[in-house]
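Student: just coords:
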């Protein structure tokens, strides 16, 4: 299993593309990654560290995009989205500009930095913007496809990149254009998730299997536009669906699934597991937050079992 830092996989690909296309620009709000330093050193005319000024980062990206550049903005997830929401809406989305916002530290990956850095409200906020695509990657193998998707569409995009080692699941058959992939064969009960937390969902599926409960696992890596038609094919035959997300339950993956179920008159009970819709002021390790809110390990398994029984 390939356990490279997902940020390095992402910026290595941008390095490769940037060496061939001088219109690719990266703006960093004082954020680092090993492969990003290589990009900055080798292509200084295509890199700008704008400092801790995220709103200005969006304004500068707007001007560059208007002039024909393909811009990637890189910052901590909560700062790149909530702090800049008006600039993103008015400047980038209203003109449908090819600007990609890279949110590092999604969910509770910066848990020790406290409430200012908790990244559990980013997806709900960005989902409000009609022109915005949203990607949340769960493994390194989909990174290349994600960048190709961004460059092909040339529209506003938010990518929940996260940080740290991620697996390579290239052995799992997937079609990126569908927006999702089946990780474990579908069953009467199916778990739907994405991003970092998907690995915890897979572990939970293994534990459930040991108890004689067979569950399918689905990775929805393109959160928006949501792959509704394909997901209906997953949900409709299911007897029960459980969504698990490392983000706020309000406006997140579970909310979208609820809308799909209701609007298509699908009769399938849904359990939504995620961060609560409240201000979280705690400090701690990512794993501590997962345990507290039932997002991993036995707390997640028990939540699923309680719903099934």
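Tutor: That came through, no problem. Everything numeric in this text was worked out from a predicted model, so none of it was measured.

Student: which SSE is immediately downstream of the host helix or strand of residue 223?
Tutor: For residue 223, the host element (DSSP states H and E) is strand 222-224. Downstream of strand 222-224, the first helix or strand assigned by DSSP H and E is helix 228-235.

Student: any idea how far that next one is from the chain center?
Tutor: Centroid displacement of helix 228-235 relative to its chain, using CA atoms, centre = their mean, to the nearest Å, is 20 Å.

Student: give the buried residues for that helix.
Tutor: By neighbour count on 16 or more other CB atoms under 10 Å, the buried set for helix 228-235 is 230-231, 234-235. Using the backbone N, CA and C atoms, a C-beta is placed for each residue, glycine as well.

Student: now tabulate those residues in JSON lines and tack on distance to residue 145 and pLDDT.
Tutor: As requested, those are exported to JSON lines (distance: CB to CB, whole Å; pLDDT from 0 to 100):
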{"residue": "230", "distance to residue 145": "16", "pLDDT": "88"}
{"residue": "231", "distance to residue 145": "19", "pLDDT": "90"}
{"residue": "234", "distance to residue 145": "20", "pLDDT": "90"}
{"residue": "235", "distance to residue 145": "24", "pLDDT": "91"}
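
Student: format the residues you listed as TSV; extra columns: distance to residue 107.
Tutor: Output for the buried residues of helix 228-235, formatted as TSV (distance: CB to CB, whole Å):
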residue	distance to residue 107
230	25
231	22
234	24
235	24
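
Student: I'd say residue 186 and residue 216 touch.
Tutor: Yes - judged on CB atoms under 8 Å, residue 186 makes contact with residue 216 at a distance of 3.9 Å.

Student: thought residue 80 was touching residue 102?
Tutor: Yes - Residue 80 lies in contact with residue 102 (CB under 8 Å); the separation is 7.3 Å.

Student: what does stretch 83-100 contact?
Tutor: The contact list for stretch 83-100, computed with CB atoms under 8 Å, 6 or more residues apart in numbering, reads 54-55, 57-59, 61-62, 65-66, 70-73, 81, 101, 125-126, 129-132, 150, 154-159.

Student: which among the residues you listed count as buried?
Tutor: Listed as buried from those are 54-55, 57-59, 61-62, 65, 70-73, 81, 101, 125-126, 129, 132, 150, 155-159; burial here means 16+ other CB under 10 Å.

Student: any idea how far the biggest strand by length in the chain is from the chain center?
Tutor: Ranked by residue count, the top strand of the chain under DSSP state E comes out as strand 240-248. The chain centre lies 13 Å from the centre of strand 240-248; the measure is CA atoms, centre = their mean.

Student: tell me what that strand is packed against?
Tutor: Contact here means 3 or more CB pairs under 8 Å, 6 or more residues apart in numbering; DSSP states H and E; on that basis strand 240-248 packs against helix 122-126, strand 189-193, helix 198-210, helix 253-263, strand 270-275, helix 297-308.

Student: circling back to that earlier point, among the contacts of stretch 83-100, name the ones in helices.
Tutor: Within the contacts of stretch 83-100, residues falling in helices by DSSP state H are 54-55, 57-59, 61-62, 65-66, 81, 125-126, 150.

Student: and which of those residues is nearest residue 306?
Tutor: Distance to residue 306 across the ones in helices among the contacts of stretch 83-100 (CB to CB) is lowest for residue 125, with 30.3 Å.

Student: I figured that closest one hits residue 78, correct?
Tutor: No - taking contacts as CB under 8 Å, residue 125 lies outside contact range of residue 78: 9.5 Å.

Student: from residue 189, how far off is the closest residue to residue 65 other than its chain neighbours?
Tutor: Once flanking residues are discounted, residue 65 sits nearest to residue 97: 3.9 Å by CB to CB, 6 or more residues apart in numbering. As judged by CB to CB, to the nearest Å, residue 97 and residue 189 stand 42 Å apart.

Student: same question for residue 3.
Tutor: Separation of residue 3 from residue 189 (CB to CB): 30 Å.

Student: higher neighbour count, these two?
Tutor: residue 189 (21 against 11; other CB atoms under 10 Å).

Student: who are the contact partners of the more buried one?
Tutor: Residues near residue 189 by CB under 8 Å, 6+ apart: 213-216, 238-242, 308.
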